[in-house]
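Undergrad: would you be able to build a 3D model of this:
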Amino acid sequence: MSYKAGFLGLIGQPNAGKSTLMNFLVDEKVSIVSSKPQTTRRRILGIWSTEKGQVIFVDAPGLIKADEGLNGFLAQEAHDVINSSDALLAIIAVDEEKPENAEKVIDLVSKSGKPWIAVITKTDIEEKAHRVMILRKMVEDKGGKAFSVSVKDSKNDQEEREALLIEFMELLPESPAPLYDTELFTNENVREMAAEIVREQCFEALHHEIPYSIAVRIVKFEEDAKPVPKIYAEIVVSKDSHKAIVIGKGASVIKQIGMEARKEIEKLMGEKIFLDLNVASKPEWFSNKRMMKELGYVVDSKD
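TA: Numbering: from 1, shown residues only. The predicted structure is shown next:
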């Protein structure tokens, strides 16, 4: 019996539901999720293992066109995932406003020369249900196969999940062994995941452009501290005026972010923790290569 293993890249427009889909498939919270588009900033791996094979999902930032700063980094990440994956999933949402955006994703994936399948997401949105057939036809016209999935419809969750995973595994190359430890569900460490969870809660608590100009870094992580592990995190904003907004009146906003983030990190670690949040202003950090590198957005400096 042949064993299969490889990288499956999730490619789609911002807010197509890539992170939600990956968390559903891996059955763990791996990637942060927000109703705001462009939450994912760097590729994150979700791993599903069985005795027949291992699927390594690569959740990439949504497709955007940009050359510089943080947006340039995001665009590069998405294209690197297309190039470095063994197979691809075209993720298209029924609520995509422009049909040409769905076409662009299908086109990009079908022209990659790699095995691919399309997944139509958000099928629980009833008023858009008629679009499933239209999107399916777009995929079939490019010689592809399309599956539709509603992560919110829990009735058929497990059966649907298993069926999709078996299909996806078929796209992957044969491998003599798993590529990652079969006990893992991600290659992220707890420190990285804690920073992402704090950033997710910033997206939930803040509005307009502010979450997009925020980064989070873990300043200190005392895993063996007593009585509970201690995490000290810094929320980095790009303007001095944003500091007061993130802190909120009477520190109400940062308390809310801290409380929700602490609950999620405790779920992840399976124990109580102490979380300390501070806000620091680093003007225009997202266009400063040194700052971006310090915050984990490694930019390839070809210049």
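Undergrad: okay, CA-based contacts and neighbour counts for the rest of this
TA: Will do.
Undergrad: the stretch 1-150 of the chain: helices as residue ranges?
TA: In the stretch 1-150 of the chain, the helices defined using DSSP state H, counting those that start in this stretch lie at 18-26, 69-84, 99-110, 131-141.
Undergrad: those helices: lowest mean pLDDT?
TA: Least confident of the helices of the stretch 1-150 of the chain, judged by mean pLDDT, is helix 69-84 with a mean of 70.
Undergrad: circling back to that earlier point, ok, which of the helices of the stretch 1-150 of the chain comes nearest E200?
TA: Nearest to E200 among the helices of the stretch 1-150 of the chain is helix 18-26; the distance by C-alpha to C-alpha comes to 12.0 Å.
Undergrad: which helices and strands sit right next to the closest one?
TA: strand 4-12, strand 44-50, strand 53-59, helix 157-170 (3 or more C-alpha pairs under 8 Å, 6 or more residues apart in numbering; DSSP states H and E).
Undergrad: want to try JSON lines for these, with distance to D95 and mean neighbour count as columns?
TA: Converted to JSON lines, the helices and strands packed on helix 18-26 look like this (distance: least, C-alpha to C-alpha, whole Å; neighbours: other C-alpha atoms under 10 Å):
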{"stretch": "strand 4-12", "distance to D95": "13", "mean neighbour count": "26"}
{"stretch": "strand 44-50", "distance to D95": "24", "mean neighbour count": "21"}
{"stretch": "strand 53-59", "distance to D95": "20", "mean neighbour count": "27"}
{"stretch": "helix 157-170", "distance to D95": "21", "mean neighbour count": "15"}
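Undergrad: got those as a markdown table, with mean pLDDT and distance to L135 columns?
TA: Output for the helices and strands packed on helix 18-26, formatted as a markdown table (pLDDT from 0 to 100; distance: least, C-alpha to C-alpha, whole Å):
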| stretch | mean pLDDT | distance to L135 |
| --- | --- | --- |
| strand 4-12 | 90 | 13 |
| strand 44-50 | 85 | 26 |
| strand 53-59 | 89 | 21 |
| helix 157-170 | 85 | 18 |
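Undergrad: for D141, which of those is the nearest?
TA: D141 lies closest to strand 4-12 among the helices and strands packed on helix 18-26, at 18.2 Å (C-alpha to C-alpha).
Undergrad: in CSV, list the C-alpha atoms belonging to the closest one.
TA: Taking Å, rounded to 0.1, in the frame of the first residue of the first chain, the C-alpha atoms of strand 4-12 are listed here in CSV:
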residue,chain,number,x,y,z
LYS,A,4,1.4,9.7,0.3
ALA,A,5,2.6,13.0,1.9
GLY,A,6,3.1,16.5,0.7
PHE,A,7,2.2,20.2,0.9
LEU,A,8,-1.2,21.4,-0.2
GLY,A,9,-1.4,25.2,-0.7
LEU,A,10,-4.7,27.0,0.0
ILE,A,11,-5.0,29.8,-2.6
GLY,A,12,-7.8,32.4,-2.6
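Undergrad: any residues touching that strand, and which ones?
TA: Residues external to strand 4-12 that are found in contact with it (C-alpha atoms under 8 Å, 6 or more residues apart in numbering): 18, 52-60, 62-63, 78, 81-82, 84-92, 105, 109, 169-170, 172-179.
Undergrad: angle of it against strand 44-50?
TA: Strand 4-12 and strand 44-50 are oriented at 140 degrees to each other (axes from the mean of the first three to the mean of the last three C-alpha atoms, to 10 degrees).
Undergrad: excluding chain neighbours, what is closest to I254?
TA: Using C-alpha to C-alpha, 6 or more residues apart in numbering and skipping the chain neighbours, the partner closest in space to I254 is I247 (4.8 Å).
Undergrad: what's near enough to touch the one you found?
TA: Contacts of I247 by C-alpha under 8 Å, 6+ apart are 253-255, 279.
Undergrad: circling back to that earlier point, make a ChimeraX selection of the buried ones in the contacts of strand 4-12.
TA: With 16 or more other C-alpha atoms under 10 Å as the criterion, this ChimeraX line picks the buried residues out of these:
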select :18,53,54,55,56,57,58,59,60,62,63,78,81,82,85,86,87,88,89,90,91,92,105,109,169,172,173,178,179
